[in-house]
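[1] Sequence and predicted structure are below.
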Amino acid sequence: MKIGYSLKKLRLKHNYTLKIVAQKLNITSSLLSQIENGKISPSLKSLESLLGLYNVNLSEFFRQVEQKDYIIMRRNETERMVAKSGSIITLLASKLENNVLETYSVELKPGISLQIKQIDEKINGERFIYSISGTLDVLIDKHTKISLYPEDSISFKSHVRCEVINNQAEDISFLISGFIPLF
């Protein structure tokens, strides 16, 4: 567990120095430093005092401590959805708690289109599409058609209407990433 690291993040978030926190809790700066650097573990009473100062309850603190900062997705661990058309959408990385970003690999069959989910304009989200193979047609706001060739990309705000279309005779593939939900 990364209790000390999480306590240090909370202290810095509140713009407290080691000295200020130590004085408020009647402990030494050295003791607090050892706790934050993981050299010693705080007693339950000390932990509750620190969390009280930072206005964080114990259960919320441990939920944050146990949350991972990264996830590795192996090829055999990805979630794949196969549409009736045979198109395949693969969730590449989105298993972090409270994430705001999803990334998918999409294999789109010929003649198939995919509507990208629009988000309320008040939310400042973005989308990113990267073409891997074939020519991907992107229809923005029903009026602007843009063709993306392999290694081309487009970024746009999440509130913008977007549809991706495979007008080719073969499968095309692309990555799409952005503020959730994407579809």
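    Received it, and whenever you're ready, just let me know what you need.
[2] okay, CA-based contacts and neighbour counts for the rest of this
    Will do.
[3] The spatially closest residue to Ile146 that is not a sequence neighbour bridge partners, please.
    With Cα to Cα, 6 or more residues apart in numbering as the criterion, Ile146 has its nearest non-adjacent residue at 5.1 Å, and that residue is Val138. Counting by DSSP bridges, Val138 forms beta bridges with Ile146, Val164.
[4] Burial check on Tyr70, number of neighbours?
    Neighbourhood size, Tyr70 [other Cα atoms under 10 Å]: 11.
[5] go on, the one 4 residues further on?
    Using other Cα under 10 Å, Arg74 has 9 neighbouring residues.
[6] For His14, see how far away it is.
    Distance, Arg74 to His14, by Cα to Cα, to the nearest Å: 38 Å.
[7] Check Asp171 too.
    Distance from Asp171 to His14, by Cα to Cα: 52 Å.
[8] Which one of these two is surrounded by more residues?
    Shown here are Asp171 and His14; by other Cα under 10 Å, Asp171 has more neighbours (20 against 11).
[9] residues in contact with that one?
    Asp171 is in contact with Glu107, Leu108, Lys109, Pro110, Gly134, counting by Cα atoms under 8 Å, 6 or more residues apart in numbering.
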